[in-house]
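[1] quick one, what's the 3D model for this:
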Amino acid sequence: MIKIAVCGASGRMGQRIINSIVESDGVTLCAALERPGHPLVGQDAGLMAGCGTTDVQISDSLNAAIAACDVLIDFTSPKVSLKNLEMCALHGKSIVIGSTGFTPEERLLVVELSRDIPAVLAPNMSVGVNVCFKALKDIAKTLGDDFDVEIVEMHHKLKKDAPSGTAVRMGEVVAEALGRDYNKVATCHREGIIGERTKEEIGMQTVRGGDIIGEHTVYFIGMGERIELSHRAMTRDMFSRGSVRAAKWVVGKKPGLYDMQDVLGLK
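    Predicted coordinates:
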């Protein structure tokens, strides 16, 4: 039985992850973490998440949670995730990170800290989205430079980072397939007299509003034809189920940084 600790337990994703753990075979919830002073500290994590009593109280002790678990699932923020990754590395425990918005420098820190433990970092843990990543690579390679690429992502109004981690990864996948540097060709803002679109640029457009869970569309636009690859999330359960699947997979793996393509055997 794999023992899982959940960080950010009372958040939207934390609650769904707790539900997915309770519903899954071969895993058990051993700890639920929140920040010190959070009003739900001390309450039963299962009751808080709406899936019944779990006899696991929400705690603010990261050390105790890591000591008790085999793997920590973290959907919080880059700064919190880096701290949790560092603690997992010190204690030799695995970690699954679904936080988004990492800077290039923070990504380098993730790589460095995961040299001693197995870690999964993925901007989107949906099986469907990761199939899209694979399809995008094949499509971009086949179409080459004759099609312009634009990516549009839509999320709820409370999302803090933009473009979304999933949209960025889609852009990276396409750029890599076309032999381009994503950080040099991504265009996240257009306004005024900007001149002709360059052949190399990858447009990244962001929409925020309401309670949209997540929608992504990649447009390959050629002369006289257009290909659209879209993914729409109808529930956060696809992310939470994916994170539990990743947690099951990563325990016992060799130290290093993995992603959902590794977890799903898509590489």
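
[2] list phi and psi for the residue most central in space within the chain.
    With distances taken as C-alpha atoms, centre = their mean, residue 123 lies nearest the centre of the chain, 2.6 Å away. Dihedral angles of residue 123 (phi, psi; degrees, to the nearest 10) stand at phi -70, psi -20.

[3] doesn't residue 165 make contact with it?
    Yes: contact between residue 123 and residue 165 holds when scored by C-beta atoms under 8 Å: they sit 3.0 Å apart. The way it works is simple: take the backbone N, C-alpha and C, and place the C-beta from them, glycine included.

[4] need the overlap of contacts for these two.
    Listed as contacting both residue 123 and residue 165 by C-beta atoms under 8 Å, 6 or more residues apart in numbering are residue 100.

[5] can I see the domain layout of the protein?
    2-121+236-263, 127-233 (automatic domain parsing).

[6] how far does the last one stretch from one end to the other?
    Looking back up the chat, that one is domain 127-233. End-to-end distance for domain 127-233: 11 Å, by C-alpha to C-alpha, to the nearest Å.

[7] could you give the bridge partners of residue 59?
    Counting by DSSP bridges, residue 59 forms beta bridges with residue 33.

[8] so it versus residue 82, what's the distance?
    20 Å (C-beta to C-beta, to the nearest Å).

[9] out of those two, which sits in the busier spot?
    Legend: neighbour count by other C-beta atoms under 10 Å for residue 59 and residue 82, higher for residue 59 (21 against 18).

[10] how about the helices of the stretch 151-267 of the chain, start to end?
    Secondary structure of the stretch 151-267 of the chain (DSSP state H, counting those that start in this stretch): helices at 165-177, 182-185, 237-250, 260-263.

[11] quick check: buried residues in the third one?
    Judged by neighbour count using 16 or more other C-beta atoms under 10 Å, the buried positions of helix 237-250 are 238-250.

[12] of all those, which comes closest to residue 114?
    For those, the closest approach to residue 114 (C-beta to C-beta) belongs to residue 250, at 10.5 Å.

[13] got the contact list for the closest one?
    Neighbour list for residue 250: 71, 94-96, 118-120, 258, 263 [criterion: C-beta under 8 Å, 6+ apart].

[14] for those residues, which one is nearest residue 103?
    Comparing these against residue 103 with C-beta to C-beta places residue 119 closest, at 17.6 Å.

[15] helices or strands next to the strand or helix carrying that closest one in the packing?
    Assessed by DSSP states H and E, residue 119 sits inside strand 118-121. Counting by 3 or more C-beta pairs under 8 Å, 6 or more residues apart in numbering; DSSP states H and E, the packing neighbours recorded for strand 118-121 are strand 94-97, helix 104-113, helix 237-250, strand 256-258, helix 260-263.
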